[in-house]
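Participant: Sequence plus the predicted model coming up.
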Amino acid sequence: MKHKHIEGLIAAPFTPFHTDGSLHLELIPAYYEMLVSNGVVGAFICGSTGEGVSLTMSEKKLVMEAWANVANGNPDFTVIPFLGGTCIADCKDLAVYAKQIGLRAVAFTTPFYFKPANASVLAKACIEIGEAVPDLAFYYYHIPVLTGVQITMYELLQAVHGKLSNFAGIKYTHEDFMDYLSCMRFANGAYDMLWGRDENMLSALVLGAKGAVGSTYNYAAPLYMSLIDAYNNNKLEAARALQQQSIDMIRLLGKYGGIATGKAYMKKIGMDCGAFRLPVSNMSDAQFDLFSADVDALGFSDYASKITH
């Protein structure tokens, strides 16, 4: 199966919740329009940022359907639902549902409780799910910091190559540039290698990255569009300065508690996605005030994503 290579920024959207913790699906049309108007070319939904592991199967299907409803008419915008990883049967069920509602791609990560012993076993899991939806592009999501599985992606490509015709590529959320470049060059660049570390984007561009998936593209897409433009025009000092702005912004994620801080950034651009579910901690109102002051001091509004009404 031939698939269209993805180039550009793919946001990893936050799943919006009401204050009572229920899904706030009504926000997704405006969310989609905001991403498109800021130059984003896709959405990696129900992933880490989207709290996929904290959603029920029925909730995942509702989120997938909501994104399909707004994006299916746009051939230039790719929605990639993250299927999960621990239960192969559930992943196959969600993949088939993605096809039924008109989505064109799916993503899967390694089982992270009972872990695969090697790349061959991981490839078998990919093949079992991917073969259930042969017309959909199948992506593997590499994020060892959360899965605890250290199998290299070069080994996975060697194990899966020629055995799953719709294997499209990898969302690479790791810092192993040796492995990443080897994957980029594998089989003459046959696979999409979607970079997943926003704070290292410039380094990935040097190695040939054309597409990237990230959480900060939700609220700071213009910063990265400028970074890519600077790199493409050989303005390397400008590109390095823009990457530093990205790093300064991302450092505040750690300062204020981690992944849930991303929803605070969304609040800053005017799109309140609610709180993260347990066991993730959310910042207090007092912490948000301190965070807001720190964000303003960065000049965030100069490069933040804009909401057009």
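Facilitator: All right, it came through fine.

Participant: In the chain, what residue spans correspond to helices?
Facilitator: All helices of the chain, identified by DSSP state H, fall at 28-37, 57-71, 88-100, 119-130, 144-147, 153-160, 177-184, 201-206, 217-232, 236-255, 261-268, 285-297.

Participant: can you put those in TSV and add mean pLDDT, distance to Leu278 and mean neighbour count?
Facilitator: C-beta: built from backbone N, CA, C; applies to glycine. Below are the helices of the chain laid out as TSV (pLDDT from 0 to 100; distance: least, CB to CB, whole Å; neighbours: other CB atoms under 10 Å):
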stretch	mean pLDDT	distance to Leu278	mean neighbour count
helix 28-37	98	23	19
helix 57-71	98	15	19
helix 88-100	98	21	18
helix 119-130	98	28	19
helix 144-147	94	17	15
helix 153-160	98	31	20
helix 177-184	98	34	18
helix 201-206	98	31	19
helix 217-232	98	22	21
helix 236-255	98	19	16
helix 261-268	98	14	22
helix 285-297	97	18	13
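
Participant: would a markdown table of the ones you listed with distance to Ala190 be doable?
Facilitator: Putting those into a markdown table (distance: least, CB to CB, whole Å) gives the following:
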| stretch | distance to Ala190 |
| --- | --- |
| helix 28-37 | 28 |
| helix 57-71 | 26 |
| helix 88-100 | 22 |
| helix 119-130 | 15 |
| helix 144-147 | 23 |
| helix 153-160 | 9 |
| helix 177-184 | 10 |
| helix 201-206 | 18 |
| helix 217-232 | 23 |
| helix 236-255 | 28 |
| helix 261-268 | 33 |
| helix 285-297 | 41 |
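
Participant: how about Tyr224, what does it touch?
Facilitator: 9, 198, 201, 212, 214, 216-217, 242, 246 (CB atoms under 8 Å, 6 or more residues apart in numbering).

Participant: Could you export these as JSON lines, including distance to Pro81?
Facilitator: Below are the contacts of Tyr224 laid out as JSON lines (distance: CB to CB, whole Å):
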{"residue": "Leu9", "distance to Pro81": "18"}
{"residue": "Asp198", "distance to Pro81": "21"}
{"residue": "Met201", "distance to Pro81": "24"}
{"residue": "Ala212", "distance to Pro81": "18"}
{"residue": "Gly214", "distance to Pro81": "17"}
{"residue": "Thr216", "distance to Pro81": "20"}
{"residue": "Tyr217", "distance to Pro81": "17"}
{"residue": "Leu242", "distance to Pro81": "30"}
{"residue": "Ser246", "distance to Pro81": "26"}
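
Participant: excluding its backbone neighbours, what's nearest Glu107?
Facilitator: Heads up, residue 107 is Ala, not Glu. Tyr139 (4.2 Å; CB to CB, 6 or more residues apart in numbering).

Participant: what's the burial count for that neighbour?
Facilitator: Using other CB atoms under 10 Å, Tyr139 has 29 other residues around it.

Participant: all numbers from here: first residue = 54
Facilitator: Sounds good: first residue 54 from here, last item Tyr192.

Participant: Surely it is in contact with Val159?
Facilitator: Yes: at 7.1 Å, Tyr192 counts as touching Val159 under the criterion of CB atoms under 8 Å.

Participant: intersection of neighbour lists for the two?
Facilitator: What both Tyr192 and Val159 touch, as defined by CB under 8 Å, 6+ apart, is the set Ile133.

Participant: Export only the CA atoms of stretch 113-133, formatted as CSV.
Facilitator: The C-alpha coordinates for stretch 113-133 follow below in CSV (Å, rounded to 0.1, in the frame of the first residue of the first chain):
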residue,chain,number,x,y,z
LYS,A,113,-12.1,7.0,22.7
LYS,A,114,-14.6,6.3,20.0
LEU,A,115,-16.6,9.4,20.7
VAL,A,116,-13.4,11.5,20.5
MET,A,117,-12.4,9.8,17.3
GLU,A,118,-15.8,10.4,15.8
ALA,A,119,-15.8,14.1,16.8
TRP,A,120,-12.4,14.6,15.0
ALA,A,121,-13.6,12.6,12.0
ASN,A,122,-16.7,14.8,11.7
VAL,A,123,-14.7,18.0,11.5
ALA,A,124,-11.6,16.8,9.5
ASN,A,125,-12.8,14.1,7.1
GLY,A,126,-13.6,16.7,4.4
ASN,A,127,-10.0,18.0,4.4
PRO,A,128,-7.6,15.8,2.5
ASP,A,129,-4.7,18.0,3.7
PHE,A,130,-5.3,17.3,7.4
THR,A,131,-4.6,13.8,8.8
VAL,A,132,-6.2,12.6,12.0
ILE,A,133,-4.2,9.7,13.6
